[in-house]
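Trainee: okay, predicted coordinates and the sequence, questions at the end:
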Amino acid sequence: MKIATWNVNSLKLRLPQVLEWLGAHQPDLLCLQETKLEDRNFPVGEIEAAGYRAVFSGQKTYNGVAILSREPLQDVVRGIGGFADEQQRVISASLTTLSGPLRIVCAYVPNGQSIDSDKYRYKLGWLAALTGWLRGELQKHPRLVLAGDFNIAPEDRDVHDPEAWKDQVLCSEPERAALRELLALGLVDAYRRFEQPEKSYSWWDYRMMAFRRNRGLRIDLILLSAMLAESCTACGIDKEARRVERPSDHAPVDCRLSWDGTSGN
DNA sequence: ATGTCTCAGGGACTGAGA
């Protein structure tokens, strides 16, 4: 079973690239962030024609998340329980597989703008709320995947120039501490379970030829509960998706679980 | 070098957000 996450920076504009990627990589689940679409404008028909169902939670202009799946999704929940938030940043659902139930949580963590910004304080509060809520979710759903754009580079090795990024938003110590609190619930960064190339990133600024110079950050993560981490056999970043015509500024991250696959197979 | 991309409003370009 293959699970992927991708910040597409406008699903309206990126739909051709997403359909192409679905066809080439055939994930069982794909989490999308920054769809920037109101729900009534979600391209349900095109996604269905590609063999996928979708659940989504969006808004105009900003944010917006979705989960695409080959098999039906159940128990869809929008947002973080107990945390009022007008910004559409989280959607969760369950998938029934031959190996048992799987819970998937798709998240778009606030960017934070800069460490002296109100948006940064919102980001830290948002992360605390996410962690508090997920503690209960993990008890209810021991086989849980939390995938998305975390807007945090976990460690210096996830940063092209740690000196330049030191104490900057996406790399600051309070953000990294918040991520460690989240991981302390019993979640594992799937990417770091395996040997990986040095200088591996998932996001490159559109400016300054950052992609060509590989000046990036690894901020898109797939976190697995302990029960799932054992069955994870691979995890990678598809840099090729950043080389296409009109790319997102993020590359997709995907992982493979040694599960029996979906109920239909 | 605040250098690119996306969206909305309004009907050309500017500002916000990333």
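Mentor: Right, received. Where do you want to start?

Trainee: what about the strands in the stretch 51-200 of chain A?
Mentor: With strands called from DSSP state E, counting those that start in this stretch, the stretch 51-200 of chain A shows them at A:53-57, A:65-69, A:74-78, A:90-97, A:100-108, A:144-149, A:187-189.

Trainee: which strands and helices sit next to the shortest one?
Mentor: Contact here means 3 or more CB pairs under 8 Å, 6 or more residues apart in numbering; DSSP states H and E; on that basis strand A:187-189 packs against strand A:220-225. Glycine gets a C-beta too; all of them are placed from N, C-alpha and C.

Trainee: now do the strand it packs on against strand A:100-108, angle only.
Mentor: Relative orientation of strand A:220-225 versus strand A:100-108 (axes from the mean of the first three to the mean of the last three CA atoms, to 10 degrees): 150 degrees.

Trainee: whichever residue of the stretch 1-150 of chain A sits closest to DNA strand B: what's it in contact with?
Mentor: DNA strand B sits closest to A:Ser10 of the stretch 1-150 of chain A, with a gap of 3.1 Å, by CB to the nearest atom of the strand. A:Ser10 is in contact with A:34-37, counting by CB atoms under 8 Å, 6 or more residues apart in numbering.

Trainee: what does A:Phe211 give?
Mentor: Listed by CB under 8 Å, 6+ apart, the contact set of A:Phe211 reads A:204, A:242.

Trainee: how about it, phi and psi?
Mentor: As for A:Phe211, its main-chain torsions (degrees, to the nearest 10) stand at phi -70, psi -50.

Trainee: hang on, the earlier thing: what does the pLDDT read for the residue of the stretch 1-150 of chain A closest to DNA strand B?
Mentor: According to the prediction, A:Ser10 has pLDDT 97.

Trainee: do A:Trp259 as well
Mentor: pLDDT for A:Trp259: 78.

Trainee: now it, what's its secondary structure?
Mentor: Three-state assignment for A:Trp259 (DSSP: H, G, I helix; E, B strand; the rest coil): coil.

Trainee: how about the residues of chain A by DNA strand B?
Mentor: A:9-10, A:12-14, A:34, A:36, A:60-62, A:110-111, A:113, A:119, A:206-208, A:246 (CB under 7 Å from any atom of the strand).

Trainee: would you mind measuring from A:Arg157 to DNA strand B?
Mentor: Separation of A:Arg157 from DNA strand B (CB to the nearest atom of the strand, to the nearest Å): 22 Å.

Trainee: what is the burial count for that residue?
Mentor: 13 (other CB atoms under 10 Å).

Trainee: measure the residue nearest to it when sequence neighbours are not counted to A:Val159 for me?
Mentor: Excluding its sequence neighbours, the residue lying closest to A:Arg157 (CB to CB, 6 or more residues apart in numbering) is A:Glu198, at 7.6 Å. Noted for A:Glu198: a distance of 12 Å to A:Val159, by CB to CB, to the nearest Å.
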